[in-house]
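Chemist: Have a look at this prediction, sequence included:
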Amino acid sequence: MKRRFVALALTAPFLLGACGTEPSEAPVAGKTAQTQAEVETQNVKSVSEITAGSTFNDTDVMFLQMLVDNQEQGQEMVRIAVERAQRQDVIDMAKAVDLTQADEITMMKNWLTEWGKPTKLDKRESLHADHGGLPSTGDDEIASLKKVKKADFETAFLNLFLAHQHNAIEFAALELDKGGNEQARAYAERVKQSRADQVQQMLKLLNG
């Protein structure tokens, strides 16, 4: 399916931690104290060291499985961008995403293992269909990034990766609506904010 996006001139800066590795420090309306999940997150050296606890539901598991898949696809895409992009700002963004999402993938797989659940999807399409048809990026779309003319690569990559990161926002919204694990919900909130920032930055890059 082809996706079209309007390139808007937005000014959100790209941060190396924008993939959710660092917890958001932005105040939340109505919040008077930190949750235990946030306290624990701040007391570890790396996001991959965070443990999830033993309480979880099916939505927590589905959220992590889909996001692991999403981020492994994302790593494939940004590594292609590092090799093929010509603009340094696009290359820098791709490298930052690769670094921070690697830490997140380790964390999510650790949580799923703690819960005795598979870390890898057997059938991406089936899982998404079973949970409301949530979107995913097709393998053929990713493969097309290796074939597109180099002059057209950055536009193709940014449009596809923008849509890909928007998918992660939808996964996070589902977790925030129906998830039960405190750490998973706190992580979903960080994903929602960080991917929204990335979407704004990529729109700026498209307009640049």
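Modeler: Noted; the coordinates are in hand.
Chemist: Can you tell me the SS state at residue 180?
Modeler: Secondary structure, DSSP: H, G, I helix; E, B strand; the rest coil: residue 180 is coil.
Chemist: what about the residue nearest to it when sequence neighbours are not counted, how many neighbours?
Modeler: Distances taken as Cβ to Cβ, 6 or more residues apart in numbering place residue 57 nearest to residue 180, at 4.0 Å, with adjacent residues excluded. C-beta here means a position set from N, CA and C on the backbone, and glycine is covered the same way. Using other Cβ atoms under 10 Å, residue 57 has 13 other residues around it.
Chemist: cool, residue 118 as well?
Modeler: With other Cβ under 10 Å as criterion, residue 118 counts 12.
Chemist: same question, residue 176
Modeler: Counted with other Cβ under 10 Å, residue 176 comes out at 17.
Chemist: from what I can see it touches residue 190, true?
Modeler: No - using Cβ atoms under 8 Å, residue 176 is not in contact with residue 190, being 11.0 Å away.
Chemist: residue contacts, residue 202?
Modeler: 93, 158, 161-162, 165 (Cβ atoms under 8 Å, 6 or more residues apart in numbering).
Chemist: can we see that at 7 Å?
Modeler: The contact partners of residue 202, taken as Cβ atoms under 7 Å, 6 or more residues apart in numbering, are 158, 161-162.
Chemist: still on that earlier bit, tell me how far the residue nearest to residue 180 lies from residue 164.
Modeler: 26 Å (Cβ to Cβ, to the nearest Å).
Chemist: any idea of the pLDDT on the residue most central in space within the chain?
Modeler: In the chain, the residue lying closest to the centroid (Cα atoms, centre = their mean) is residue 168, at 5.0 Å. With respect to pLDDT, residue 168 scores 94.
Chemist: Between the contacts of residue 202, which sits nearest residue 110?
Modeler: residue 161 (25.6 Å; Cβ to Cβ).
Chemist: after the helix or strand where the closest one lies, next one along is what?
Modeler: Assigned by DSSP states H and E, residue 161 belongs to helix 150-178. Once helix 150-178 ends, the next helix or strand along the chain (criterion: DSSP H and E) is helix 182-207.
Chemist: Show me what counts as buried in that following helix.
Modeler: Buried residues in helix 182-207, counting neighbours by 16 or more other Cβ atoms under 10 Å, are found at 182-206.
Chemist: got it, and stretch 101-121?
Modeler: 101-105, 107-112, 115, 117, 121.
Chemist: Now do that stretch: distance to the chain's middle.
Modeler: Per Cα atoms, centre = their mean, to the nearest Å, the displacement of stretch 101-121 from the mean C-alpha position of its chain is 14 Å.
Chemist: and if you look at stretch 94-106?
Modeler: For stretch 94-106, the distance to the chain centre is 9 Å (Cα atoms, centre = their mean).
Chemist: same thing with stretch 181-197?
Modeler: That offset, for stretch 181-197, works out to 9 Å (Cα atoms, centre = their mean).
Chemist: for it, what is the average pLDDT?
Modeler: Stretch 181-197 carries an average pLDDT of 96.
Chemist: Stretch 70-87 now?
Modeler: Averaged over stretch 70-87, pLDDT sits at 96.
Chemist: And the contacts of it?
Modeler: Residues contacting stretch 70-87 (Cβ under 7 Å, 6+ apart): 90-91, 94-95, 97-98, 101-102, 104-105, 137, 142, 145-146, 150, 153-154, 157, 160-161, 164, 167-168, 171.
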